[in-house]
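Novice: Next one to model:
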Amino acid sequence: MDSLSIIGLIVGFTAILGGNALEGGNMSGLINMPAFIIVIGGTVGAVMLQTPWLLFRQAFVILPWVFKPPLADLDKVRKEVVGWGTLSRKEGLLGLESLAEAEKRSFQRKGLQLMVDGTEPDAIRTLLETDLELEEQNNLQAAKVFDAMGGYSPTLGIIGAVMGLIQVMGNLSDPSALGAGIATAFVATIYGVGLANVLLLPIGTKLRSIVKAQALEKELVIDGLVAIAEGENPKVIDVRLEIYSRVSKVHV
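Specialist: Reported below is the predicted structural model:
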């Protein structure tokens, strides 16, 4: 569980609602169903219009990663790969067959199976890098769905504000109808800007960082598997892969 995402979400909305309370406002003043429908419905509709169905679905498949990211411990993965190398030195590449059959992670299983089948190291690298690149690009595009929502949301807030003001201007002779129109105008703007900057854009950025971290893990696995296929000493493989752990601690 990513506690930082949860804390950030709580802090962001608490700051907005707390600031509203300090200004003398109340929660009921921020609840406006017409504004909600305009901003949420318009934003989702616009993104659905511009996004292919499979990509739209994938965006919501990876959405839970914001709070529960599938990030691996790169030190643990490195030691695991070095263990594969040690086993390979003792029993040959065929000694990895039982590991390949028991491996639950599809990427690692594919790499191990390629080695067991006697695939050339360069071919292993090419096949796995292609797999990695396609998956990474697909997930990055899915993350951008939330960036797109964050771009449309403020604009839909402005549309809601204009619609509220139109209602106000059309009912100047009826003071009792002015309040609802003004409320819709201002609350729609808050919904649009707040949703984009407190929720949607941060979600898109967080997902991209998680996708990059996953790619780094798989790059480590690729380098390790290729080194094993080339018959390198496990100690040398360990030194080669150690850089990934250092990089992850600084940049991911």
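
Novice: Identify the residue nearest the most centrally placed residue in the chain in space, chain neighbours excluded?
Specialist: Taking CA atoms, centre = their mean, the centroid of the chain lies closest to L207, which sits 1.8 Å from it. Nearest residue to L207, sequence neighbours excluded (CB to CB, 6 or more residues apart in numbering): A143, at 3.7 Å. To be clear about C-beta, it is placed using only N, CA and C from the backbone, and glycine gets the same treatment.

Novice: The residue nearest to the centre of the chain contacts F146, doesn't it?
Specialist: Yes: the pair L207 / F146 is scored as a contact, 6.8 Å apart, by CB atoms under 8 Å.

Novice: rewinding a little: contacting residues around the residue nearest to the centre of the chain?
Specialist: Each residue near L207 by CB atoms under 8 Å, 6 or more residues apart in numbering is listed here: I62, L63, W65, V66, N139, A142, A143, F146.

Novice: The first one - how many residues pack around it?
Specialist: Residues contacting I62 under the criterion other CB atoms under 10 Å number 19.

Novice: now swap in the second one and tell me
Specialist: L63 has 15 neighbouring residues, counting by other CB under 10 Å.

Novice: hang on, it packs against K206?
Specialist: No: counting by CB under 8 Å, no contact exists between L63 and K206, whose distance comes to 10.1 Å.

Novice: avg pLDDT for the longest helix anywhere in the chain?
Specialist: For the chain, the longest helix by residue count, based on DSSP state H, is helix 121-170. Throughout helix 121-170, pLDDT has a mean value of 91.

Novice: May I see the contacts of L207 organised as TSV, with distance to R125 added?
Specialist: TSV is the format used below for the contacts of L207 (distance: CB to CB, whole Å):
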residue	distance to R125
I62	26
L63	32
W65	27
V66	32
N139	21
A142	26
A143	26
F146	32
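
Novice: Which positions within the strand or helix carrying the residue nearest to the centre of the chain qualify as buried?
Specialist: Assignment of secondary structure by DSSP states H and E places L207 within helix 201-229. Along helix 201-229, these residues count as buried under the neighbour rule (16 or more other CB atoms under 10 Å): 201-204, 206-208, 210-211, 213-229.

Novice: Pull the residues that contact stretch 107-118.
Specialist: Under CB under 8 Å, 6+ apart, the answer for stretch 107-118 is 84, 88, 93-94, 96-97, 99-100, 103, 123-124, 127-128, 131-132, 218, 221-222, 225, 228-229.

Novice: could you redo the last one with a cut-off of 10 Å?
Specialist: With contact meaning CB atoms under 10 Å, 6 or more residues apart in numbering, stretch 107-118 is reached by 77, 80-81, 84, 88, 92-103, 105, 119-121, 123-125, 127-128, 131-132, 135, 214, 217-218, 221-222, 224-226, 228-229.

Novice: Can you mark which positions in it are buried?
Specialist: Buried residues in stretch 107-118, counted by 16+ other CB under 10 Å: F107, Q108, K110, G111, L112, Q113, L114, M115, V116.

Novice: Can you dump the C-alpha atoms of stretch 140-153 in CSV for me?
Specialist: The C-alpha trace of stretch 140-153 is given here as CSV (Å, rounded to 0.1, in the frame of the first residue of the first chain):
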residue,chain,number,x,y,z
LEU,A,140,2.1,5.0,-20.4
GLN,A,141,-0.7,5.8,-22.9
ALA,A,142,-3.2,4.5,-20.4
ALA,A,143,-1.7,6.8,-17.7
LYS,A,144,-2.2,9.7,-20.1
VAL,A,145,-5.9,9.1,-20.1
PHE,A,146,-5.9,10.8,-16.7
ASP,A,147,-3.8,13.6,-18.0
ALA,A,148,-6.4,14.2,-20.7
MET,A,149,-9.1,14.2,-18.0
GLY,A,150,-7.1,16.8,-16.1
GLY,A,151,-7.0,18.9,-19.2
TYR,A,152,-10.7,18.8,-20.0
SER,A,153,-11.9,19.1,-16.4
